[in-house]
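[1] below are the sequence and a predicted model; questions follow.
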Amino acid sequence: MVECSYEILHFLGIEGPKTSDPSKYIRYIYNRVHLENATVRAGAVSTLAKFGAMVDALKPRIFVLLRRCLFDNDDEVRDRATLYLNTLGGDGAVVETGEDVKEFLFGSLDIPLVNLENSLKNYEPSEESFDVDSVPKEVKTQPLAEKKAPGKKPTGLTAPPIGPPSTVEAYERLLSSIPEFANFGKLFKSSAPVELTEAETEYAVNVVKHIFDGHVVFQFNCTNTIPEQLLENVTVIVDASEAEEFAEVATKPLRSLPYDSPGQTFVAFEKPEGVPTVGKFSNMLRFIVKEVDPSTGEAEEDGVEDEYQLEDLEVVAADYMLKVGVSNFRNAWESMGADCERVDEYGLGPRDSLAEAVNAVINLLGMQPCEGTEVVPSNSRSHTCLLSGVYIGNVKVLVRLQFGIDGPKDVAMKLAVRSEDEAVSDAIHEIVASG
């Protein structure tokens, strides 16, 4: 109920000022300040401020109501009222609200909230005020580290410093330090680790896919789980026969892999520049194995060549999309404009449920669901899902998906895409059409 009330207030704030008689909504909105909980009261304050910003004739009434909100018992309500009074001109003068003020108060936030939060935490108060333009606009993805449970063999993601890096910056430093990869340009995205071996096997291997504009680097994180063995000259032989548009250009083997000490080996491929090229790769772990004397820990001089079959690996369309959310999808959608909009309808065939169809499309595109729209109410026969992201080439993309059940189990979908580049909008449709 709270979420519904908040959404209604948000809708009124956008559409109410555009009506022929916006003043008739003011009493309803202000009543929420008296009758609802703190979350809804805060939303009502923001909605009142939108009327004041958009309808100059209503400003005196809005200012009176906002001043009353300064005495609310909730700090969020008081803070919002203070902000809006100061930015709209709370002296009661009927002056036109500047476009910069409207954009500041009600425009879309084009930076990830987590980046803004981190920047504010790191800001040290001084004579120089906080500069929101200094907040990074690229999302900082982080691979999922796996804790080592008691009795569980290592997976290549354990704590030692030589294990895989945990941030995009660390990945960038690692890859740029390898001469073979130094000229690949800026790293666009690094995937979460993908397991290539079953649990409790003698060798644990997972892979991180590093996406560049014209290259893909596979980072194979390896762990030797056999105390009596030392592996040397460890490489992964990657067969790209089912990925014809990829050409192998470099390999960096791992010199030594002792027991329970994760290490990495790399294979790099060239691909068509700026294109979401996909493909399937088969992988074989190859190495020289040397027996280790348990009593001394010394390895034998001579070793034997051996290999170990790994799971297949795929580069998919979602690897070329960063999950970057927007704080207000409606504003972002309208700000993007319809110049590069592409709309089409698709049949998704029979599905177990509407939720299963929604999740399948989200996973296919690799985008960030917005405003909780990835959740499908039970027994729904229609649903709208909102997605946002940044496509390779740093192109912002917004997607509006409308699902409906057509027949007993068949699902139909209308896909609307807006982006900063019409070629990217077309590419999103091609991904869905071929998915």
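    On my side now, so go ahead. For clarity, every value in this text was computed on a predicted model and none was experimentally measured. Numbering: from 1, shown residues only.

[2] so, low pLDDT: which residues of the chain?
    For the chain, the stretches with pLDDT under 70 are 1-3, 90-96, 104-111, 137-167.

[3] which of the three states applies to the spatially most distant residue from the centre of it?
    When distances are taken from the C-alpha mean of the chain, S295 lies farthest, 49.6 Å away, according to Cα atoms, centre = their mean. Secondary structure, DSSP: H, G, I helix; E, B strand; the rest coil: S295 is coil.

[4] and it, backbone torsions?
    Recorded main-chain torsions at S295 are phi -80, psi -30, according to degrees, to the nearest 10.

[5] and what of A192?
    Backbone geometry at A192, expressed as degrees, to the nearest 10, gives phi -70, psi 150.

[6] tell me which element the residue lying closest to H10 once chain neighbours are set aside is part of?
    With Cβ to Cβ, 6 or more residues apart in numbering as the criterion, H10 has its nearest non-adjacent residue at 6.8 Å, and that residue is G43. Yep, even glycine has a C-beta here, placed from its N, CA and C like the rest. Taking DSSP states H and E as the criterion, G43 maps to helix 38-54.

[7] elements contacting that helix?
    helix 2-15, helix 26-35, helix 59-69, helix 75-88, helix 99-106 (3 or more Cβ pairs under 8 Å, 6 or more residues apart in numbering; DSSP states H and E).

[8] E200 is nearest to which of those helices?
    Ranking those by their distance to E200 (criterion: Cβ to Cβ) puts helix 2-15 first, at 44.0 Å.

[9] quick one, the closest one and helix 26-35 angle?
    Going by axes from the mean of the first three to the mean of the last three Cα atoms, to 10 degrees, helix 2-15 is angled at 150 degrees with respect to helix 26-35.

[10] from the chain's centroid, how far away is helix 2-15?
    On the basis of Cα atoms, centre = their mean, to the nearest Å, helix 2-15 sits 26 Å off its chain's mean C-alpha point.

[11] and if you look at stretch 170-185?
    Chain-centre distance of stretch 170-185: 23 Å, with Cα atoms, centre = their mean.

[12] list the buried ones in it?
    Across stretch 170-185, burial judged by 16 or more other Cβ atoms under 10 Å covers 171, 174-175, 181, 184.

[13] out of those, which sit inside helices?
    If you go by DSSP state H, these have 171, 174-175 in helices.

[14] ok, so of those, who is nearest S382?
    Proximity of those to S382 (Cβ to Cβ) peaks at Y171, which lies at 41.1 Å.

[15] didn't that closest one look like it was pressed against L187?
    Yes. Y171 lies in contact with L187 (Cβ atoms under 8 Å); the separation is 6.3 Å.

[16] overlap in contacts of these two?
    Residues touching both Y171 and L187 by Cβ atoms under 8 Å, 6 or more residues apart in numbering: H210.

[17] from the centroid of the protein, which residue is nearest?
    The chain, centroid-nearest residue using Cα atoms, centre = their mean: K323 at 2.0 Å.

[18] possible to save the ones in helices among the buried residues of stretch 170-185 as a markdown table with distance to S191?
    Converted to a markdown table, these look like this (distance: Cβ to Cβ, whole Å):
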| residue | distance to S191 |
| --- | --- |
| Y171 | 10 |
| L174 | 15 |
| L175 | 14 |
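
[19] got the phi/psi numbers for the residue nearest to G279 when sequence neighbours are not counted?
    Spatial nearest neighbour of G279, chain neighbours left out: A243 (2.4 Å); criterion: Cβ to Cβ, 6+ apart. Backbone dihedrals for A243, given as degrees, to the nearest 10, come out at phi -140, psi 70.

[20] sorry, back to before: of the ones in helices among the buried residues of stretch 170-185, just say which sits nearest to D302.
    Among those, and counting by Cβ to Cβ, the member closest to D302 is L174, at 32.6 Å.

[21] state the distance from the closest one to E76.
    42 Å (Cβ to Cβ, to the nearest Å).

[22] got a list of contacts for stretch 234-248?
    Outside stretch 234-248, the residues touching it (Cβ under 8 Å, 6+ apart) are 205, 216, 218, 220, 222, 251, 253-257, 263, 265, 267-272, 277-287, 307, 310, 313, 315.

[23] okay, it in PDB with CA atoms only?
    Taking C-alpha atoms only, stretch 234-248 is exported to PDB below (Å, rounded to 0.1, in the frame of the first residue of the first chain):
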ATOM      1  CA  VAL A 234      50.100 -24.400 -17.200                       C
ATOM      2  CA  THR A 235      48.000 -23.200 -20.200                       C
ATOM      3  CA  VAL A 236      44.500 -23.500 -21.400                       C
ATOM      4  CA  ILE A 237      44.100 -24.600 -25.000                       C
ATOM      5  CA  VAL A 238      41.000 -22.800 -26.300                       C
ATOM      6  CA  ASP A 239      39.300 -24.200 -29.400                       C
ATOM      7  CA  ALA A 240      37.400 -21.300 -31.200                       C
ATOM      8  CA  SER A 241      36.000 -23.400 -34.100                       C
ATOM      9  CA  GLU A 242      32.500 -22.500 -33.000                       C
ATOM     10  CA  ALA A 243      33.400 -18.800 -32.600                       C
ATOM     11  CA  GLU A 244      34.500 -18.100 -36.200                       C
ATOM     12  CA  GLU A 245      34.800 -14.300 -35.800                       C
ATOM     13  CA  PHE A 246      37.400 -14.600 -33.000                       C
ATOM     14  CA  ALA A 247      41.100 -15.000 -33.700                       C
ATOM     15  CA  GLU A 248      43.600 -16.000 -31.000                       C
END
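
[24] buried sites along that stretch?
    Buried residues in stretch 234-248 (16+ other Cβ under 10 Å): 234-236, 238, 240, 243, 246.

[25] looking at the residues you listed, which is nearest L116?
    F246 (37.3 Å).

[26] correct me, but T82 touches L70?
    Yes. Counting by Cβ under 8 Å, T82 does reach L70; the two are 6.5 Å apart.

[27] between the two, tell me which one has more neighbours.
    Set T82 next to L70 and count neighbours by other Cβ atoms under 10 Å: T82 wins out with 16 against 13.

[28] mind checking how far that one is from L66?
    Applying Cβ to Cβ to T82 and L66 gives a distance of 9 Å.
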